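Q: Structure for the following, please:
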Amino acid sequence: MKYFAHHWYRFAIGSSLAISFAYLLTTAIAAAEPQDAMKQLETKISQLTSDNSDLLADVEVFHKGIVWARRYDQSQSANDLELINKALARGIERAEALADNKSPWTKKKGKVLRGYASVVDGSTQPYGVIIPRGYNGSRPVRLDIVLHGSSKPVGMSELRFGERFDVGDEEEGTPAPDVDYIELHPLGRVENCYRWAGESDVFEAIDAVCRNYNIDRDRIVLRGMSMGASGTWHLGLKHPDRFVAIGPYCGYVDTHQFSETPIPNFIKVGPLPQHQEMGLHMLDSVDYAANAGVVPAIAAIGDKDVFFQAHVIMGEAFAKEGLQMVNLISPGTGHVIDPVTHAEQMRRIDEYAVKGIEHAPRQLRFVTWTLKYHRCHWIELLKLQQHYARAEINACIADDDSIDITSIKNITQFAIHPPSLQLAGTKLRIGGVEIDLPKSGVPLVIGMHEGHWHCLGPRSSVELTGKRPGLQGPIDDAFSAPFLCVRGTGKPWNPNVDFWASASQRRFEYEWARYMRGDLPVKNDTEVTEADVSGKHLVLFGDPGSNSWIAKALPSLPMKWTRESLAIGDEVYPASDHAPAFICASPLATDRYIVINSGHTFHEKEFAAFNYLLFPRMGDWGVLKISPGAEQWQPLSSEFPEQIIRAGFFDDTWRRPVSH
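A: This next block holds a predicted model:
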């Protein structure tokens, strides 16, 4: 796509040598039976003995792309078949090189297609890098993450993405940009606006690049166009201490107003149930505008862009926070990148990138609405009074290195990390009241108790309970980190509920693979190990009769479930045709979720429509009425046999539903 990256258009024409070599390989593969070539590739991959997972993923990325293309595209065009044949040839080429302990692509300049194995689901995920001509690994270099625009997910998505970066592994004659930074282009699991596992993909790709290249983590830039700009606002303002600057080029910043953009087939998001409205505060980046006081934002947009209002909305949000939004406007330009405006955007980003991130700012103001986004430099939020409500902390370091918390809202526990509070005798004041501190050079936890602030001790010794960073919900959050689905093998209490639970797992398996681009990790309950329990979120399907892990957790779960009834809060439902779907802190492991009978709470209708529709539908929990037909349900069936009759959030202790 033409919007992708600064300097991209300069290097669109690859080396004739590299193209000729790739052509010869592709022609040879095309002359053979494709299935034979696929078996050859799979055999070569299975025989690789490298213990470097990144190098294995660099080979597997071709195989994975072919598998998805064949699985989800019923027919392929001539161009698609050519891409498949090329991927077969390139996969075999890399597998043979790696078998010979060679990996020439790791030293290549210019465009390179690479991959990594995701910790979320074990899948291979591709990413592209553009290595500058002068890079030699001798010194840390700046990294620019460039997020791509919207592209409807199809079977060929990985191969089409990879084609933009895979020009062969030969160094000679390959064009490379004359810049002082590496570009990283994550796939982001194709089309989700870099939410959920798409968000995880960006940070996993960053880590992969840092493992394989000498990257200066203090000079990481985040930028993108269209959906990539929306992802830039989203990730940049919620992780403001991770980036030296952000550069969104025309991207949406909210759900409701964006859905009203006059574009054919756009789906308007009208008033929602309160728990869904609350969940939008996790996603709508406009709610995090204040954090542009931490990370510099240099936005750009054309004055004829159909999405121009999005930057107006963000500009107004900046103004309410006392900030001036930098918004470079390209005259007479629609929803495309104007090279002149983009060059000015890059020039301004360069000014910040040269300086690097200031990790100990003396003035720090941080806003969040959820403990999913809880850290900003030396401040870490640990407890909120109310989740999905605005939480804000304003702090400053005085000349004597004492810290003044001048205002704090909706926060009941937080930590202060080094380099703050390191000097002996350093003081902490909250609202002008001095807090007694121990002599310590470690992170300290400050908490509210009986209306007063106290130091609770070192961060390492304070046990966090209830909702906390990484265990704050909602259901959909569980699928952004390592998880394992567990199906029951025992005798169910209620067959109709078991049929529905099995159908729910099948639906999740289909939607995850098709739209989140990985095979769903699934085991029978009899196969689950203690390492699974301690190392992954468990997603349990069934009831206490069919699934032994639900039975083990049942006494500590935030609802009562018997053969006859299901009770959540004060509401009781017949268990014969009602079932729960919920998330809570696992009673079986530390710092892990348990999810019961749910994958993502949005489904194919939303996945296949628009990425702004991928917001939570149930919060932490839901009660579902089971309809007939679950036993026969298969992907692509018109209706799923359930009706959500109640949904919402649990309280801060994960014990009771909250009344909104």
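
Q: When you work out contacts or count neighbours from here on, use the C-alpha atoms and nothing else.
A: Noted.

Q: Within the helices and strands, which one has residue 497?
A: Using DSSP states H and E, residue 497 maps to helix 495-516.

Q: what does the next helix-or-strand element following that helix rub up against?
A: Remark: after helix 495-516, the chain's next helix or strand is strand 522-524, criterion DSSP H and E. Strand 522-524 has contacts (Cα atoms under 8 Å, 6 or more residues apart in numbering) with 484, 485, 486, 487, 488, 489.

Q: was I right about residue 87 contacting residue 59?
A: No. Applying Cα atoms under 8 Å, one finds residue 87 not in contact with residue 59, separated by 10.0 Å.

Q: which residues in the stretch 301-450 of the chain form helices?
A: 308-320, 339-355 (DSSP state H, counting those that start in this stretch).

Q: Any idea which of the ones you listed gets closest to residue 546?
A: helix 308-320 (48.8 Å; Cα to Cα).

Q: Alpha carbons of that closest one, as PDB, please.
A: What follows is helix 308-320, C-alpha atoms only, in PDB (Å, rounded to 0.1, in the frame of the first residue of the first chain):
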ATOM      1  CA  PHE A 308     -10.400  15.000   9.100                       C
ATOM      2  CA  GLN A 309     -12.900  15.300  12.000                       C
ATOM      3  CA  ALA A 310     -10.900  12.700  13.900                       C
ATOM      4  CA  HIS A 311      -8.000  15.100  14.300                       C
ATOM      5  CA  VAL A 312     -10.400  17.900  15.200                       C
ATOM      6  CA  ILE A 313     -11.700  15.800  18.000                       C
ATOM      7  CA  MET A 314      -8.200  15.000  19.200                       C
ATOM      8  CA  GLY A 315      -7.200  18.600  19.000                       C
ATOM      9  CA  GLU A 316     -10.200  19.600  21.200                       C
ATOM     10  CA  ALA A 317      -9.200  16.900  23.700                       C
ATOM     11  CA  PHE A 318      -5.600  18.300  23.700                       C
ATOM     12  CA  ALA A 319      -6.900  21.800  24.400                       C
ATOM     13  CA  LYS A 320      -9.000  20.500  27.300                       C
END
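
Q: for that helix, what is the average pLDDT?
A: Per-residue pLDDT over helix 308-320 has a mean of 98.

Q: Do I have it right that residue 427 meets residue 439?
A: No. The pair residue 427 / residue 439 is not scored as a contact, 10.7 Å apart, by Cα under 8 Å.

Q: Compare these two (neighbour count), which wins?
A: Remark: of residue 427 and residue 439, residue 427 carries more neighbours, 18 against 12, as counted by other Cα atoms under 10 Å.

Q: Skipping adjacent residues, who's closest to the more buried one in space?
A: Counting by Cα to Cα, 6 or more residues apart in numbering, residue 427 lies nearest to residue 402, which is 4.7 Å off, once chain neighbours are set aside.

Q: same deal with residue 296?
A: For residue 296, the spatially nearest residue (Cα to Cα, 6+ apart) is residue 245, at 4.9 Å.

Q: Residue 453 and residue 437: what is the separation?
A: Distance of residue 453 to residue 437, given as Cα to Cα, to the nearest Å: 11 Å.

Q: Likewise for residue 574?
A: Distance from residue 574 to residue 437, by Cα to Cα: 54 Å.

Q: Which strand or helix spans residue 178?
A: Here residue 178 is covered by no helix or strand, with elements defined by DSSP H and E.

Q: next helix or strand past the longest strand along the chain?
A: Longest strand of the chain, by residue count under DSSP state E: strand 215-225. Using DSSP H and E, the helix or strand that directly follows strand 215-225 along the chain is helix 227-238.

Q: list the helices and strands that following helix packs on?
A: strand 141-147, strand 215-225, strand 245-249 (3 or more Cα pairs under 8 Å, 6 or more residues apart in numbering; DSSP states H and E).

Q: Quick check: what element follows the first one along the chain?
A: Read that as strand 141-147. Toward the C-terminus, strand 141-147 is succeeded by helix 157-163 as the next helix or strand (DSSP H and E).

Q: Give me the contacts around that next one.
A: Residues from elsewhere that reach helix 157-163 (Cα under 8 Å, 6+ apart): 62, 65-66, 68-69, 83-84, 87, 113, 126-128, 187, 190.

Q: out of the residues you listed, which one sits closest to residue 278?
A: residue 190 (26.2 Å).

Q: Sketch out the low-pLDDT regions of the stretch 351-500 of the chain for me.
A: 424 (pLDDT under 70).

Q: Could you do the stretch 551-660 of the chain as well?
A: The model of the stretch 551-660 of the chain has pLDDT under 70 over residues 660.

Q: Could I get the full set of helices for it?
A: All helices of the stretch 551-660 of the chain, identified by DSSP H, counting those that start in this stretch, fall at 604-607.

Q: picking up where we left off before, so which of the helices and strands packed on helix 227-238 is the most surrounded?
A: Scoring the helices and strands packed on helix 227-238 by mean neighbour count under mean count of other Cα atoms under 10 Å gives strand 245-249 as the most buried, with a mean of 30.
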